[in-house]
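Asks: dropping a prediction and its sequence here:
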Amino acid sequence: MVKLDQINISNNGLTKFFSPIEARILKTLWTEGEMMTSELTEKTSIPLTSIAGTLDRLVKAGYAVRRVDNVNGRVRYVYAPVYSEEEVASEITTKVLDSLVDAFGPLALLNFSKYSDKK
Amino acid sequence: MNIFGEINCFGICLRLSDFAPFVALLIVISIALLATSFMVKDPKHRLLTFVSAQVAVILAIIATFYLMECEGMLTIYLYLGYAAVSGALMFGITRYYDRLMIRRLNAKPAGSIIGWVQRFVDQLAAATVYYYDSAAPRAFAAGRSIFVSVGLLEALDDDELRAVLAHEAWHIRNNSRMPYLRQLALMTFSSHKSSELEIMADRFAAEIAGEEALSSARNKVDKVFN
């Protein structure tokens, strides 16, 4: 379900897998559920000018869905996350583990067991 | 005959022909008109002088071909072919461009989500307003259709939206003349003056919706696209 095009191991938290603006929007959607664009810009304190393109991208990539709503004669987008935080986390983990096993084979698996023993 | 030989031949013919002063006069007129178009303040007059300069260039080109008085010249065929193909594309595609955009953007009539928009445009031009799915605030006109993104409807208040719609409606009213402008520009290997057209559309929009609404709308839309 998730299309990861870039992974930056040195970044913090979700920004390892998403751009900083994408990460802030996703986190907000996970906490708040459905949100209008104006609420999103307010909560994330990202101006509309920077958020518009990112929202289009998140919808196109399948992380968010939106519907057009008419509130008191005003047209609004209402956004919602497609996957929960857990679903995205498990998808990313699987993808990363898959690529490690693909690159290092049994060696990767050996390190996973060492890692889980340590934890 | 090769191209360079022909170009050489143009030079000789122009020098020997009785028509040469006539061609020179047309070129001088065209340069004078072009210079005037840069000095004139009013966008409408500026456009008119610019178009006149282009017409003078076309006349100079026709006169040059006429005075060549020889058959089967490659450059004449090339130029005629270029004019025919570009003309067919220009007049053919612009007519169907909005149909193409409706399908590509999966656009739907805006009247279905915001009623007054279509009624407002109906008073200004014979055009259908469509909306399409994008958060980036954007509006444009093509053929007999005005396209606005949902992001634009979200970002603008009613007065600002009226200003944007009036601007696009001006384009629709003048769209039937646009292929001629573009074709003229192609045939004289120059450009058409799109900034003048935008100024004229803005003037119309300010008349309809007010200067203030226009500039605040422009501010919101430009911020996303600069």
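Replies: On my side now, so go ahead. Numbering: from 1, shown residues only, chains lettered A, B, ... in the order given.
Asks: now do the contacts for residue B:203.
Replies: Under the criterion of C-beta atoms under 8 Å, 6 or more residues apart in numbering or on different chains, the contact partners of residue B:203 comprise residue B:43. (Glycine included, C-beta is placed from N, CA and C.)
Asks: can you give me the pLDDT of it?
Replies: In the prediction, the pLDDT value recorded for residue B:203 is 92.
Asks: tell me the SS of it?
Replies: Counting by DSSP: H, G, I helix; E, B strand; the rest coil, the backbone at residue B:203 sits in helix.
Asks: work out for me the element the residue most central in space within chain A sits within.
Replies: Within chain A, the residue whose C-alpha comes closest to the C-alpha centroid is residue A:26; the distance, by C-alpha atoms, centre = their mean, is 5.1 Å. Here residue A:26 sits within helix A:20-32, counting by DSSP states H and E.
Asks: tell me which helix or strand comes right after that helix.
Replies: strand A:35-36.
Asks: pull the contacting residues for the nearest residue to residue B:124 once chain neighbours are set aside.
Replies: The shortest distance from residue B:124 to any non-neighbouring residue, by C-beta to C-beta, 6 or more residues apart in numbering or on different chains, is to residue B:169 (3.9 Å). Contact criterion C-beta under 8 Å, 6+ apart gives B:121, B:124, B:125, B:127, B:141, B:146, B:204 as the residues in contact with residue B:169.
Asks: try it again with 6 Å
Replies: Contact criterion C-beta atoms under 6 Å, 6 or more residues apart in numbering or on different chains gives B:121, B:124, B:125 as the residues in contact with residue B:169.
Asks: secondary structure element for the first one?
Replies: Going back to what we said before, that points to residue B:121. Element membership of residue B:121, judged by DSSP H and E, is helix B:115-124.
Asks: what comes up buried for that helix?
Replies: By neighbour count, and taking 16 or more other C-beta atoms under 10 Å in any protein chain shown as the criterion, the buried residues in helix B:115-124 are B:117, B:118, B:120, B:121, B:124.
Asks: now render those residues as JSON lines, adding pLDDT.
Replies: JSON lines is the format used below for these (pLDDT from 0 to 100):
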{"residue": "B:117", "pLDDT": "91"}
{"residue": "B:118", "pLDDT": "93"}
{"residue": "B:120", "pLDDT": "93"}
{"residue": "B:121", "pLDDT": "92"}
{"residue": "B:124", "pLDDT": "91"}
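Asks: nearest to chain A among the residues you listed?
Replies: Taking C-beta to the nearest C-beta as the measure, residue B:117 is the one of the buried residues of helix B:115-124 closest to chain A, at 9.5 Å.
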